[in-house]
Structures are given as C-alpha cells and as structure tokens.
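Chemist: Please work out how this folds:
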Amino acid sequence: MQTSANPYSVRPANLYSSLTLEDISRRKAEVRKQLDEQKQTIGLLCHEALAPLKPAAKKTNVLMRAFNTGMAVFDGVMIGVRFMRRMRQAFRR
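Modeler: Have a look, this model is predicted:
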C-alpha cells in the first residue's frame with residue numbers, strides 16, 4: 001500500500017475508525033483556509049480582468065481602442081449569428 005503526504009487521502013475502511021472529531025475539525029479548518037485563499041485569489045483575478053481601462057493619453061489611442069472594441073463586438077455578434085444558424089439547421093433535421 002502506498003502512503004501519500006496527505007493524511008486524509010483515500011484509506012482502507014478499517015483505518016477510518018481511527019479518525020477522531022478533533023482530526024475532522026482540524027481538517028475542516030485546513031480546508032476552509034484553503035478555500036478562503038482560493039476565493040481571495042479568484043476575486044483578485046476577476047477584479048483585475050474586469051477593471052475599467054486606463055484613460056488613453058493620446059487621441060490615436062482613443063480611436064484605436066474604440067475601433068478594437070467595435071471590432072470585438074462585431075466579431076462576437078457574427079459568431080453568435082453563425083452559431084444560431086447552425087443550431088437551427090441541426091434541430092431541423
């Protein structure tokens with residue numbers, strides 16, 4: 001039988017009886033701490049990804065950003081239209 005570094009990994013059924021309430025509560029606290037760290041990391045990543053853009057200093061940057069945004073919206077709409085057409089064709093058969 002292989003032993004792993006994690007004491008709470010899958011074990012044979014006869015070893016589960018050796019778990020105490022203290023072990024379970026300690027493990028629960030560890031898992032909650034890990035979840036809180038992951039939640040904080042996800043929150044930071046989402047905030048960074050969805051943060052408003054910095055104001056452009058030059059007029060050319062403003063125009064290029066507007067053009068890029070418009071093209072991205074247009075591209076998204078076109079992909080959505082193509083997807084809907086293909087889905088309709090698939091369900092008509």
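Chemist: And the contacts of stretch 47-61?
Modeler: When contacts are defined by CB atoms under 8 Å, 6 or more residues apart in numbering, stretch 47-61 is touched by residues 62, 65. Placement of C-beta: from N, CA and C, glycine included.
Chemist: can you give me the mean pLDDT across it?
Modeler: The average pLDDT within stretch 47-61 is 78.
Chemist: and R27, how many neighbours?
Modeler: 14 (other CB atoms under 10 Å).
Chemist: Give me the distance between it and Q89.
Modeler: From R27 across to Q89, the span is 52 Å (CB to CB, to the nearest Å).
Chemist: now L53, what's its secondary structure?
Modeler: Here L53 is recorded as coil under DSSP: H, G, I helix; E, B strand; the rest coil.
Chemist: Tell me which helix or strand the residue nearest the centre of the chain sits in.
Modeler: For the chain, the residue nearest the mean C-alpha position is I42 (6.9 Å; CA atoms, centre = their mean). Per DSSP states H and E: I42 is located in helix 21-50.
Chemist: where does this protein have low pLDDT?
Modeler: Scanning the chain for pLDDT under 70 picks out 1-17, 56.
Chemist: Looking at the record's assignment, how would you partition it?
Modeler: The record's domain parsing of the chain by automatic domain parsing lists 8-51, 54-93.
Chemist: For L53, see how far away the residue nearest to the centre of the chain is.
Modeler: For I42, the distance to L53 - CB to CB - is 22 Å.
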